[in-house]
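*Asks:* let me see the structure of the following:
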Amino acid sequence: MFVTLLVLFFGVIASALSFVFIRESTEAPAMLAAFRVLLAGLVLLPWYLRDRKKLGDSPIQAVIGRSILPGLILGIHFIAWVMGARMTSAANATLIVNLVPVVMPFLMLWFFKERLLKKEILATALALIGMLVLTATDLVISPLSAAGDLLSFVSMLLFAAYLAVARAYAHLPSIWLYVVPVYLVAGVSTFIIACFFSSPIHAYSMYNLSMILSLAIVSTVLGHTALNFAMQKLRGQTVSIINMSQFIVAGITGYLIYREVPHVSFYVACILVVAATLLVIVNQKETLPEK
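*Replies:* Numbering: from 1, shown residues only. From the prediction side, this is the model:
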């Protein structure tokens, strides 16, 4: 259990660093999202082939079939998130994307009959209050940001669904047998969509390439894979609440790299989210989903 939690926290950190790579890259948003998952799938392909040979897997047609839904969900999530975040305020996008713990209980109940515990309800409330404190002063309610808010909300729903679906494949003997085909399906589908908005054929600076590769390896290969792994081992609400702490990592990184000094609300939100995280971790061993 301790190891799984460590993997989850590592994944949260790796995922949170994506904002640096996205900010520093000059690639078009949709194409950047496509490269992110397509490269992740290609990098991990040798691990899939190794485990497929060693542990066995379904026929390729069946593998593609089981990967289409989570792959499409992930790909559309990335595109909707990038577009939505650029069409609304940072505060709106931050609050909306962190509503996953509100949606996750319904998904887990619907798919897996997993009901919220009392302490998870309290932890969810603490974490959401933290998000409200963090964003309250900068929230924008305006028709001008409505489209961006809606896209961000759709992105959040898709991300919650993507995480929840991972639980359905916990029976597979290796995490690579699940995530690699999903990344490849997401990458190919997103790349096709991205080609309608921009071309992948242009000059690439070494710095831009390094940011694209970092986004694929750090935030996707390591970050997203760790989140999927945790969803197969821990309760869904535990993963969604701990994942909210990405804003803490992003805030610290923003200060260290860009000298962006956090507002006092950041520290209040940190305390509330950390308290929520500790609450769901306590006695986690007793609340694992049944196999």
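*Asks:* distance-wise, check the closest residue in space to Glu114 that isn't next to it in sequence relative to Ala166.
*Replies:* Nearest residue to Glu114, sequence neighbours excluded (C-beta to C-beta, 6 or more residues apart in numbering): Met108, at 4.0 Å. All C-beta spots, glycine's among them, are computed from the backbone N, C-alpha and C. Distance, Met108 to Ala166, using C-beta to C-beta, to the nearest Å: 11 Å.
*Asks:* what does Leu109 give?
*Replies:* In this structure, Leu109 and Ala166 are 16 Å apart, going by C-beta to C-beta.
*Asks:* who has more neighbours out of these two?
*Replies:* Ala166 (22 against 13; other C-beta atoms under 10 Å).
*Asks:* surely the more buried one meets Thr225?
*Replies:* No. Here Ala166 does not reach Thr225: they are 10.0 Å apart, not a contact under C-beta atoms under 8 Å.
*Asks:* for Leu8, what are its contacts?
*Replies:* The neighbours of Leu8, taking C-beta atoms under 8 Å, 6 or more residues apart in numbering as the test, are 226-227, 229-230, 234, 239, 242.
*Asks:* greatest separation within the residues you listed: which pair is it?
*Replies:* The most widely separated members of the contacts of Leu8 are Phe229 and Ile242, with 13.0 Å between them, by C-beta to C-beta.
*Asks:* of the two, who's got more company?
*Replies:* The neighbour comparison of Phe229 against Ile242 (other C-beta under 10 Å) goes to Ile242, with 25 against 20.
*Asks:* where does that one sit: helix, strand or coil?
*Replies:* helix (DSSP: H, G, I helix; E, B strand; the rest coil).
*Asks:* ok, now which ones touch it?
*Replies:* Residues counted as contacts of Ile242 (C-beta under 8 Å, 6+ apart) are 8-9, 12, 277, 280-281.
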